[in-house]
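In: for reference, the sequence and a predicted model appear below.
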Amino acid sequence: MQFHKDKKDKVLIIDFGSQVTKLIARRVRELGVYSEIITPEKADRLKNYNNFKGLILSGGPSTVTKKKFQSVPKKIFEKKIPILGICYGLQLISKIFGGKIKPSKSRREFGRAFLFKKKSSPLIKNFLNTKKSVWMSHEDAVVKLPKNFKAIAFTKDSKLTIIENSKKKIYGVQFHPEVTHTDNGKQLFRNFLFLICKIKKKWNVKSQKERLIKEIKHSVKKDRVICALSGGVDSSVVALLINKAIKKRLICVMVNTGLMRKNEFKYTYKVLKKKYGLNIKLVNASSLFLKNLKNVSNPEKKRKIIGNLFIKVFEKESKKYEDIKFLAQGTLYPDIIESKSSTGSKSSKIKSHHNVGGLPKKMNLKLIEPLKEFFKDEVRILGKSLGLVKNINFKHPFPGPGLGIRIIGNVTPERVKILQEADNIYINELINKGLYNKIWQAYAALLPIKTVGVMGDSRTYENICLLRAVTSEDGMTADYYSFPKEFIDEISNKIINNVKGINRVVYDITSKPPSTIELE
Ligand code: XMP
């Protein structure tokens with residue numbers, strides 16, 4: 001499906017491999033302007049820049065101080081489109097226009113730095129008056145201004161922290177305005193978009209709903225669509241959108257893997273069927289999944305088994321319906337951004353994520369991915385405008401392999417039951433105490449060891465339940481949530497008193513990195 005041929009007021013972000021490039025796109029969209037991320041290679045091949053009113057060059061791990069470095073096609077500087085370089089982007093602009101960049105240990109800055117104003121510029125209006133705290137992450141520094149550029153701001157360790165060529169409308173900043181650690185960084189983007197690029201605010205997620213429904217109708221025509229419904233926000237929003245477009249010609253398949261949260265499967269089915277009239281087929285495959293997971297403790301093996309089984313079950317189910325031409329998927333924008341580091345190497349694989357991406361080739365179905373241009377929080381705005389119940393729309397993310405990767409070691413029906421009970425108490429307590437919405441993702445897990453305890457006057461030898469709660473913006477990085485002591489005390493008691501099989505509760509206090517959000 002083709003989206004947005006018509007979008008004119010948009011911003012192009014060229015990604016040099018920074019961990020936070022996606023945040024640039026989000027900040028721009030939050031300000032009401034559509035933005036797209038592409039690789040430098042794609043930028044090189046791109047012929048038509050007419051639809052873009054602004055270009056942003058991201059940060060990245062590369063260095064312009066070596067002979068070979070990643071660059072941008074020179075033609076972008078001849079288009080009269082305003083350009084903002086961030087971190088590596090600033091260094092690249094400086095290099096191209098004759099400045100000097102040094103790899104300097106004494107000039108490197110990581111973390112908080114204080115920015116001071118040298119000269120006024122539209123870029124720093126209401127952003128920098130005298131002094132400001134910004135977030136830095138660089139080793140190289142620009143030490144000599146490029147030709148026809150002026151210095152706008154500096155820090156103690158880098159004299160050229162913001163530079164501009166006001167005639168050509170090219171700007172560069174050494175710090176990262178896209179991260180929340182930079183105080184009011186959004187104002188800098190606001191200035192770039194509206195004062196410098198003179199873009200009009202046109203992007204609004206809610207207004208995309210009707211367009212998406214129209215496009216689905218147009219693509220599907222009289223055919224039928226099948227969709228794997230997990231009950232998470234992404235697949236639910238996809239199903240509601242398609243249901244609005246083609247009603248009963250959408251067949252939703254819900255596979256019960258037996259690895260979902262307590263009552264989750266029943267609840268989701270009831271709500272989505274009764275409230276929205278979705279055409280849902282239930283498949284109970286829990287014993288099949290548990291049978292195949294017997295004595296498997298390797299995380300990657302578990303992931304593969306669950307992923308492959310899911311595809312098998314779904315495929316078998318879909319064969320029961322004739323004239324299905326489309327498969328709907330809840331692919332999001334972050335899933336399709338090419339994530340290559342600027343050295344050209346693919347980022348190393350940490351875990352094999354479970355999704356239904358393997359399906360269409362085998363099943364010979366065309367794909368419908370109506371959410372592929374949206375971030376998760378934008379999907380939630382869409383969900384809200386479709387009337388999706390809060391319990392689903394604002395549900396924490398839940399991994400495809402479910403409790404299978406939260407029961408460390410062997411997955412048995414007994415351990416699933418123990419974990420479901422503990423997790424249910426934890427999540428309900430978060431909701432009751434008004435903490436659920438402050439946390440990006442929370443869950444309970446079962447560790448593969450038993451420890452000794454004492455209950456009443458007797459010795460116990462039971463499982464350890466681990467609790468995790470993190471704050472995050474997109475799951476790429478995360479901080480553990482600091483609970484008040486009373487909550488920790490209370491939840492530990494409640495789990496041990498109510499769940500037979502657990503005699504110890506621990507709280508995970510690692511961030512990501514170095515850990516990941518899930519344990520496996
Ligand atoms: P990690 O553990 O990699 O998780 O820090 C980041 C986010 O991804 C979720 N996750 C998954 N989601 N299929 C999914 O749809 C998967 O296989 C999968 N594994 C992890 C995880 O819950 C967190 O939100």
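Out: The structure has been received and is ready for your questions.

In: all strands for the stretch 151-300 of the chain, in order.
Out: Assigned by DSSP state E, counting those that start in this stretch, the stretch 151-300 of the chain shows strands spanning 162-165, 170-173, 224-228, 250-256, 280-284.

In: to the ligand, which of those strands lies closest?
Out: strand 224-228 (11.5 Å; CB to the nearest ligand atom). Placement of C-beta: from N, CA and C, glycine included.

In: which residues in the stretch 1-150 of the chain form strands?
Out: Going by DSSP E, counting those that start in this stretch, the stretch 1-150 of the chain shows strands at 10-14, 34-38, 52-57, 83-86, 100-103, 109-117, 131-138, 140-144, 150-154.

In: kindly reformat the ones you listed as a markdown table containing distance to the ligand.
Out: Converted to a markdown table, these look like this (distance: least, CB to the nearest ligand atom, whole Å):
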| stretch | distance to the ligand |
| --- | --- |
| strand 10-14 | 22 |
| strand 34-38 | 19 |
| strand 52-57 | 26 |
| strand 83-86 | 25 |
| strand 100-103 | 32 |
| strand 109-117 | 22 |
| strand 131-138 | 20 |
| strand 140-144 | 30 |
| strand 150-154 | 35 |
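
In: pick the most buried one from those.
Out: Sort the strands of the stretch 1-150 of the chain by mean neighbour count, taking mean count of other CB atoms under 10 Å, and strand 83-86 sits at the top with a mean of 27.

In: direction included, what does it pair against?
Out: Strand 83-86 pairs in its sheet with strand 52-57 (parallel), strand 170-173 (parallel), by DSSP bridges.

In: can you list the residues of the stretch 401-520 of the chain near the ligand?
Out: Residues of the stretch 401-520 of the chain lying close to the ligand (CB under 6 Å from any ligand atom) are 401, 441, 475, 512, 516-518.

In: who touches the most centrally placed residue in the chain in this structure?
Out: Centroid check for the chain by CA atoms, centre = their mean gives residue 474 as the closest residue, at 3.6 Å. For residue 474, the contacting residues are 22-23, 26, 334, 375-376, by CB atoms under 8 Å, 6 or more residues apart in numbering.

In: ok so, going back, turn the strands of the stretch 151-300 of the chain into JSON lines, columns for distance to the ligand, mean pLDDT and mean neighbour count.
Out: Formatted as JSON lines, the strands of the stretch 151-300 of the chain follow (distance: least, CB to the nearest ligand atom, whole Å; pLDDT from 0 to 100; neighbours: other CB atoms under 10 Å):
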{"stretch": "strand 162-165", "distance to the ligand": "34", "mean pLDDT": "98", "mean neighbour count": "24"}
{"stretch": "strand 170-173", "distance to the ligand": "29", "mean pLDDT": "98", "mean neighbour count": "28"}
{"stretch": "strand 224-228", "distance to the ligand": "11", "mean pLDDT": "96", "mean neighbour count": "23"}
{"stretch": "strand 250-256", "distance to the ligand": "14", "mean pLDDT": "97", "mean neighbour count": "22"}
{"stretch": "strand 280-284", "distance to the ligand": "19", "mean pLDDT": "97", "mean neighbour count": "15"}
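
In: quick one: the helices in the stretch 251-400 of the chain?
Out: For the stretch 251-400 of the chain, helices defined by DSSP state H, counting those that start in this stretch occupy the ranges 264-270, 286-292, 299-318, 333-336, 359-363, 376-385, 390-393.

In: so for the fourth one, what gets flagged as buried?
Out: In terms of neighbour count (16 or more other CB atoms under 10 Å), helix 333-336 has its buried residues at 333-335.

In: equivalent analysis for the last one, please.
Out: Counting neighbours by 16+ other CB under 10 Å, one finds that the buried residues in helix 390-393 are 392-393.

In: other SSEs contacting it?
Out: If you count contacts as 3 or more CB pairs under 8 Å, 6 or more residues apart in numbering; DSSP states H and E, helix 390-393 packs onto helix 233-246, helix 376-385.

In: among those helices, which is nearest the ligand?
Out: Between the ligand and the helices and strands packed on helix 390-393, the shortest gap by CB to the nearest ligand atom is with helix 233-246, which sits at 8.5 Å.

In: show me what that closest one is packed against.
Out: helix 205-220, strand 224-228, strand 250-256, strand 324-328, helix 376-385, helix 390-393.

In: nearest to residue 32, out of the ones you listed?
Out: Across the helices and strands packed on helix 233-246, residue 32 has its closest neighbour in helix 205-220 (10.0 Å, CB to CB).

In: so how far is the closest one from its chain's centroid?
Out: 23 Å (CA atoms, centre = their mean, to the nearest Å).

In: for that helix, list the C-alpha coordinates in PDB.
Out: Provided in PDB are the C-alpha atoms of helix 205-220 (Å, rounded to 0.1, in the frame of the first residue of the first chain):
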ATOM      1  CA  VAL A 205      -2.500  11.600  13.800                       C
ATOM      2  CA  LYS A 206      -6.200  11.700  14.500                       C
ATOM      3  CA  SER A 207      -6.800  13.100  11.000                       C
ATOM      4  CA  GLN A 208      -5.100  10.200   9.500                       C
ATOM      5  CA  LYS A 209      -7.800   7.800  10.600                       C
ATOM      6  CA  GLU A 210     -10.200   8.500   7.700                       C
ATOM      7  CA  ARG A 211      -7.400   8.500   5.200                       C
ATOM      8  CA  LEU A 212      -6.300   5.000   6.400                       C
ATOM      9  CA  ILE A 213      -9.800   3.600   6.200                       C
ATOM     10  CA  LYS A 214     -10.200   5.000   2.700                       C
ATOM     11  CA  GLU A 215      -6.900   3.500   1.600                       C
ATOM     12  CA  ILE A 216      -7.800   0.100   3.100                       C
ATOM     13  CA  LYS A 217     -11.200   0.100   1.300                       C
ATOM     14  CA  HIS A 218      -9.400   1.100  -1.900                       C
ATOM     15  CA  SER A 219      -6.800  -1.700  -1.700                       C
ATOM     16  CA  VAL A 220      -8.900  -4.500  -0.500                       C
END
